[in-house]
Structures are given as C-alpha cells and as structure tokens.
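Visitor: This is a predicted model, with the sequence first.
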Amino acid sequence: MFDNIDKTNINELGEFGLISHLTKNIKLRNTSTLKGVGDDAAVLDAAGKKILVSTDMLLEGIHFDLAYTPLKHLGYKAIQVNLSDICAMNALPTQVTVSIGMSSKYTLEAIEELYEGMYLACNQYNVDIVGGDTTSSKQGLVISVTVIGYADEDTIVYRNTAEEGDLICVSGDLGGAYTGLQLLEREKLIYLENPNIQPDLEGKDYIIERQLKPEARKDIIELLKSVKVKPTAMIDVSDGLASEVLHICTQSNKGCQLYEEKIPIDPMTYDTAREFNLDPTVCALSGGEDYELLFTVKQADYDKIKHDVDISIIGYITEPSAGRNLISKSGQVHELKAQGWNAFKQQQ
C-alpha cells in the first residue's frame, strides 16, 4: 500500500519539520481562536460561555483496517467522530487538536493524505486545528483527536435529564455503517484468497460511505435551534441504538418503550443485511458507528418536529418500573439489551 518509490521518508523532515509542513496552510476561522498552532499552547477565548471538551483515540487494527480504508477517509472520519460528541451536547464544535503516532512504513505522502481528510472535515464544519503532537509508533498508526466547543450553559443537553413521557427521537437512519463494514470485510477476505478478483461494491456507495465517511449531525443541532426545540436529553449513536437508549435511561433513572417498526433503516441497509443473513433491526440496535443523534423531547414539542423527514420518533420515556422494552413488529415485548461495540472484548 505504501510504495516508497518517489516517496519522502519522514526522517528527512524530523518531528518539527513534519509539523511545520503539515500545518503551514492552516487558516483560523473562529473568533474564539486567539492563537492556534505555533506556540507552546493554543489560546482560546470562552467569551463567557461554557467550554466542552471530548477526546477519541483510533488504533490501527482495532478501529480501522487500512486494507480497505483510504487514509484520506480515515482522516475525515477521525475528525467527524469527535465533532459528533460535541453535537451530542447540543453544541457546535470550534477547535480540535490532532496527535498521531506512526510506524516507519508511513511516508510523508501517506501522512499528507491523512491530514488532507482532516482538513477537509474541518473546512466543511468550520473548525480550527489548533495543535497536537506527532511521534513514532511500533503498533502501527495511532490517531488521537481532542475536540473543543462552546455553549451557553442553558443550551447544553446532557444524558441524565430525560423525563417520563418524553418522546425518543433519532436523526437519519441506522445500521448502514455496520452493513457497510460487513461488505468491506467480505471483499477483503475474497481479495486475500485471490488478489486478481476486484472488489464487488457496485451500487453499495451509501453504506460504504456510512462506514468510511460518517458525518457529524451539526445540521440537526441547527435545525432544532431554528424551531426552538431544546432536547431534554441527548447522545450520539456510536455504539448502537440499544446501547445509547440504555445510557439515557440509566443516567436519567427512567424506563422506555421503543418500537421496532419506527426505527429508521435505509432500504440498502435492509437489503444488504438480508444478503448477509443478518436481521436489519439488530444491525440498527447493535451495529454502531452511525453517528446519528438520539435525543428526547417534550411531548409539547411534537408538532415542531413531526414533519421533518430526517427525524424519526421511535418511542417514549417511561417510569423506571415499566422497564426498558423493545416492542417488535408483531407486538411482542422484549427487554432492550445492548450488544454493541466493546473495545476490550474485541481484543480478546
């Protein structure tokens, strides 16, 4: 993958030369960024607002497979998954720091491709890269991104504030990222058995993009603000719908009724899941990496969101004693269980 013909060994630049090379074209967009890359620390202006901070780490072989993940897509995704955490607080991200560890197989051109994806994500979401670090790694590629956002205290939404009777809503559709991953893994195995066979991804662009190039739902935050709806609780769907609903219920000390027939699943996701003999609903409940927003709203706000095609109302919050249930399409009641991503279990 990393052919060294006409490639630049990173040792030729050194750490500081690499940082200078990668950051020389950064332009600051946010007035809250007083000082970005180039000093011992970035300087940010809170302007009387609350500061939100979140960090995610991506490890080669655990969170991504370079056999089918282009570096530009990986850079884009590394930023997006972090921006999603700030959106999940009903806030907008403004700055990120990026730290990478890389093994000797990575040339300057490879790292440039990675950063190209990061810069694309930041440009599209009006986010400044204000710092970070680079180092060598014996374990392959390591990416750590810290994201910063600002919000007025009374607009921030937490996981633990859902109330009985609130409607459970989700943006977009679910399960696409997981089915896209199954497709990529299948084609990888076929390629390993016979490198002469080209990947068969015809007509599957949507679910492949859901896996390789997710989008933080900043637009949903802006939409809710425009219709004057403040969610009562919110979280992003990174580990699967079931896991995220249970997080809200546990931290809010509430139960829930979730309706299978209301869970939004794209037709391509549905059909591809069936091709793999998977239950599309299970893909939505437990697949993860969709990075949609799951949130609760007061029933009084129903009329403000009911006509939005990108928001689905999938259930409601109950008292704790009612349990946390999934109502199947046939009307049967099942206990809602989380079976999503477990980073530590995957390594065993």
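Guide: Structure received.
Visitor: Could you use CA atoms for every contact and neighbour count after this?
Guide: Will do.
Visitor: quick one, helices of this protein?
Guide: When assigned using DSSP state H, the helices of the chain occupy the ranges 14-23, 71-87, 108-125, 176-193, 205-212, 218-226, 241-252, 267-275, 280-286, 302-305.
Visitor: Just give me the lowest mean pLDDT stretch among those helices.
Guide: Mean pLDDT is lowest for helix 14-23 among the helices of the chain, at a mean of 58.
Visitor: picking that back up, with respect to burial, which of the helices of the chain scores highest?
Guide: By mean neighbour count, with neighbours taken as mean count of other CA atoms under 10 Å, helix 71-87 ranks first of the helices of the chain at a mean of 25.
Visitor: I'd like the helices of the chain written out as CSV, with distance to G149 added.
Guide: Formatted as CSV, the helices of the chain follow (distance: least, CA to CA, whole Å):
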stretch, distance to G149
helix 14-23, 21
helix 71-87, 6
helix 108-125, 12
helix 176-193, 26
helix 205-212, 24
helix 218-226, 12
helix 241-252, 22
helix 267-275, 32
helix 280-286, 28
helix 302-305, 25
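Visitor: Of those, which is nearest A47?
Guide: A47 lies closest to helix 71-87 among the helices of the chain, at 17.9 Å (CA to CA).
Visitor: about what we covered before: I156 is nearest to which of the helices of the chain?
Guide: Short answer: helix 71-87, nearest of the helices of the chain by CA to CA, at 9.8 Å.
Visitor: and the angle for that closest one with helix 218-226?
Guide: 30 degrees (axes from the mean of the first three to the mean of the last three CA atoms, to 10 degrees).
Visitor: Using CSV, write out every CA atom in helix 71-87.
Guide: The C-alpha trace of helix 71-87 is given here as CSV (Å, rounded to 0.1, in the frame of the first residue of the first chain):
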residue,chain,number,x,y,z
LEU,A,71,-6.1,7.4,4.5
LYS,A,72,-8.0,10.5,3.4
HIS,A,73,-11.3,8.9,4.5
LEU,A,74,-9.6,7.9,7.8
GLY,A,75,-8.5,11.5,8.5
TYR,A,76,-12.0,12.7,7.7
LYS,A,77,-13.6,10.1,10.0
ALA,A,78,-11.2,10.8,12.8
ILE,A,79,-12.4,14.4,12.9
GLN,A,80,-16.1,13.6,12.4
VAL,A,81,-16.4,11.1,15.2
ASN,A,82,-15.1,13.7,17.6
LEU,A,83,-17.2,16.6,16.3
SER,A,84,-20.2,14.3,16.9
ASP,A,85,-19.5,14.2,20.6
ILE,A,86,-19.9,18.0,20.9
CYS,A,87,-23.1,18.0,18.7
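Visitor: Go ahead and name everything in contact with it.
Guide: 52-56, 58, 64, 92-93, 110-111, 113-122, 143, 145-149, 212-218, 221, 235-236, 291 (CA atoms under 8 Å, 6 or more residues apart in numbering).
Visitor: Then stretch 187-201?
Guide: Contacts of stretch 187-201 (CA under 8 Å, 6+ apart): 67-68, 183.
Visitor: Save those residues as CSV, and put in distance to S321 too.
Guide: Formatted as CSV, the contacts of stretch 187-201 follow (distance: CA to CA, whole Å):
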residue, distance to S321
A67, 48
Y68, 46
L183, 41
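Visitor: Contact partners for Y158?
Guide: With CA under 8 Å, 6+ apart, Y158 has these contacts: 89, 232-235.
Visitor: List just the nearest of those residues to K27.
Guide: Distances from K27 to the contacts of Y158, taken by CA to CA, are shortest for M89, at 26.4 Å.
Visitor: Domain map for the chain?
Guide: Domain segmentation of the chain under automatic domain parsing yields 13-154, 167-347.
Visitor: middle-most residue in the chain, spatially?
Guide: The centre of the chain sits closest to V81, judged by CA atoms, centre = their mean, with a distance of 3.2 Å.
Visitor: gap between that one and Y270?
Guide: V81 sits 24 Å away from Y270, going by CA to CA, to the nearest Å.
Visitor: and L326, bridged to which residues?
Guide: Beta-bridge pairing for L326 (DSSP bridges): L258, H334.
Visitor: shouldn't it be in contact with A338?
Guide: No - if you go by CA atoms under 8 Å, L326 and A338 don't touch, sitting 11.6 Å apart.
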